[in-house]
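1. could you look at this predicted model? Sequence included:
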Amino acid sequence: YPPLLLEPLDPSEPLPPPFAARAAVSGVRFIPGFLFTRAGEPGEFVQIKAVEGLAAPELGAELARQLKVKEGDALQLMVSGEGRHRLLGLTVGRVFASGLYEVDRRWVRVPARPELAGGTFFWEVTPRTRTDYEALVALRDGLAPRFTLLTLEDLNGDLFASLAMQEWSMVVVLSLITMVAGFQVLSRLLLDFRERERTLGILLALGMTPGRLAAAFFGYGLWIGAGGVAAGLAGGAVASWLLNLSGLLRFGEGLAKVYLVDRITLVLEPGHLALLGAGGLALVALASALVLPRFFRLEPLEALRFE
């Protein structure tokens with residue numbers, strides 16, 4: 001689960017007990033710096049994340065690609081503090097890919113050391129489970145004013161606002177598509193009724209009640225609709241899996257800078273699938289129900305003359 005940042009008003013303030021019990025915690029500082037391979041070579045302005053307990057420096061995948069370095073390569077890191085510049089030597093221990101473009105493009109994680117004592121101190125809190133994450137976020141109001149708790153949404157407000165707008169846009173588009181599908185189901189059921197009108201008249205003449213005919217037709221519509229809904233959900237799940245596997249939903253550098261992520265991963269939530277399935281069945285049931293009054297208006301003699 002995404003880490004939380006806990007900023008103490010006083011850096012000497014001890015960590016609240018619930019955080020140590022529910023998450024992995026480490027002290028971090030964020031410092032601006034400049035990273036390059038050797039003197040005379042182009043470099044990159046970076047966000048340094050000094051992490052207590054980190055074994056070796058780590059670079060974002062996009063930053064490593066820009067600098068053309070890999071694990072084991074040597075780098076030079078320039079930081080400013082106390083009115084002068086410091087030059088630190090680093091050896092890349094790991095290249096990471098977080099999926100967030102700005103993190104992979106700008107961030108360098110390094111072990112905490114005295115030369116990197118500047119910047120604001122935070123506790124980086126990584127919850128172990130979803131329940132732990134929700135429980136820790138719920139403590140936010142009770143921590144003030146001694147601590148400020150920051151979530152991923154707080155740190156990337158513009159990104160999540162744009163994603164929320166796109167999500168609502170997709171809801172509108174999918175609702176329109178669903179309405180069209182509903183009319184298609186209704187037209188198909190009406191066509192089936194017209195094609196079977198003579199048969200229905202024969203059954204009425206033989207003594208079958210309109211209610212039993214209507215119930216049978218309603219069950220037929222639900223059966224066909226349930227099959228279509230199940231096939232659509234299964235097809236969508238397979239398509240999502242194939243898209244994730246192929247990596248087609250990946251942004252170029254230009255779009256990645258706009259959306260702050262370099263790829264989109266499709267996640268199937270059981271609750272969403274259940275909601276879609278229930279909505280599809282409700283739509284089919286409504287379309288079937290709209291046809292039922294015709295059974296009670298059907299006259300056997302008129303139906304037998306139907307060609």
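-> Alright, I've got the coordinates. Residues are numbered from 1 along each chain as shown.
2. can you give me the helices in this protein?
-> 17-22, 61-67, 101-106, 130-137, 140-143, 152-155, 157-195, 197-205, 210-246, 253-259, 270-291, 293-297, 300-304 (DSSP state H).
3. longest single strand anywhere in this structure?
-> strand 23-36 (DSSP state E).
4. average pLDDT for that strand?
-> Strand 23-36 carries an average pLDDT of 88.
5. stretch 205-214 too?
-> Across stretch 205-214, the average pLDDT comes to 84.
6. kindly check the end-to-end length of it for me.
-> 15 Å (Cα to Cα, to the nearest Å).
7. confidence-wise, which of the helices of the chain is weakest overall?
-> helix 253-259 - the lowest mean pLDDT of these, at a mean of 63.
8. pretty sure Arg109 sits against Leu54.
-> Yes - counting by Cβ atoms under 8 Å, Leu54 is a contact partner of Arg109 at 6.1 Å. No exception for glycine: its C-beta is placed from N, CA and C like everyone else's.
9. between those two, which has more neighbouring residues?
-> Arg109 (20 against 17; other Cβ atoms under 10 Å).
10. which ones are touching that one?
-> 49, 51, 54, 57-59, 96 (Cβ atoms under 8 Å, 6 or more residues apart in numbering).
11. try 10 Å this time
-> Taking Cβ atoms under 10 Å, 6 or more residues apart in numbering, we find Arg109 in contact with 28, 47-51, 54, 56-60, 93-94, 96, 103.
12. most neighbours among the residues you listed, which one?
-> Comparing the contacts of Arg109 by number of neighbours (other Cβ under 10 Å), Leu59 comes first, having 28 neighbours.
13. the nearest residue to Leu88 once chain neighbours are set aside pairs with what?
-> Residue nearest to Leu88 in three dimensions, not counting chain neighbours: Leu77, with 4.6 Å by Cβ to Cβ, 6 or more residues apart in numbering. Judged by DSSP bridges, the bridge partners of Leu77 are Leu35, Leu88.
14. Leu77 against Gly33, yeah?
-> Yes - counting by Cβ atoms under 10 Å, Gly33 is a contact partner of Leu77 at 5.5 Å.
15. how about the nearest residue to Leu54 once chain neighbours are set aside, what does it touch?
-> Ranked by Cβ to Cβ, 6+ apart and with sequence neighbours excluded, the top spatial neighbour of Leu54 is Pro111, at 4.5 Å. By Cβ under 10 Å, 6+ apart, the contact list for Pro111 reads 50-58, 90, 93.
16. closest to Asp192 out of the residues you listed?
-> Set against Asp192, the nearest of those by Cβ to Cβ is Glu58 (63.0 Å).
17. for the closest one, give me its contacts.
-> By Cβ under 10 Å, 6+ apart, the neighbours of Glu58 are 49, 51, 64, 71, 90, 92-96, 107-111.
18. equivalent analysis for Gly53, please.
-> Gly53 neighbours (Cβ under 10 Å, 6+ apart): 24-27, 111-112.
19. could you redo the last one with a cut-off of 6 Å?
-> Ser26 (Cβ atoms under 6 Å, 6 or more residues apart in numbering).
20. how far away is it from Ala21?
-> 18 Å (Cβ to Cβ, to the nearest Å).
21. and what of Ile264?
-> Applying Cβ to Cβ to Ile264 and Ala21 gives a distance of 34 Å.
22. compare those two (neighbour count), which wins?
-> Looking at Ile264 and Ala21 with other Cβ under 10 Å, you find the greater number of neighbours at Ile264, namely 15 against 12.
23. tell me the spacing between the residue nearest to the more buried one when sequence neighbours are not counted and Phe19.
-> Closest residue in space to Ile264, ignoring its immediate chain neighbours: Leu249 at 4.2 Å, by Cβ to Cβ, 6+ apart. For Leu249, the distance to Phe19 equals 35 Å [Cβ to Cβ].
24. name the residue in these two with the higher neighbour count.
-> Per other Cβ under 10 Å, whichever of Leu249 and Phe19 has more neighbours is Phe19, with 21 against 12.
25. mind listing what the more buried one touches?
-> By Cβ under 6 Å, 6+ apart, the contact set of Phe19 is 25, 125.
26. again, 7 Å this time
-> 6, 25, 123, 125, 136 (Cβ atoms under 7 Å, 6 or more residues apart in numbering).
27. tabulate the residues you listed (a markdown table), appending distance to Ala274.
-> A markdown table is the format used below for these (distance: Cβ to Cβ, whole Å):
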| residue | distance to Ala274 |
| --- | --- |
| Leu6 | 35 |
| Val25 | 36 |
| Trp123 | 38 |
| Val125 | 32 |
| Leu136 | 28 |
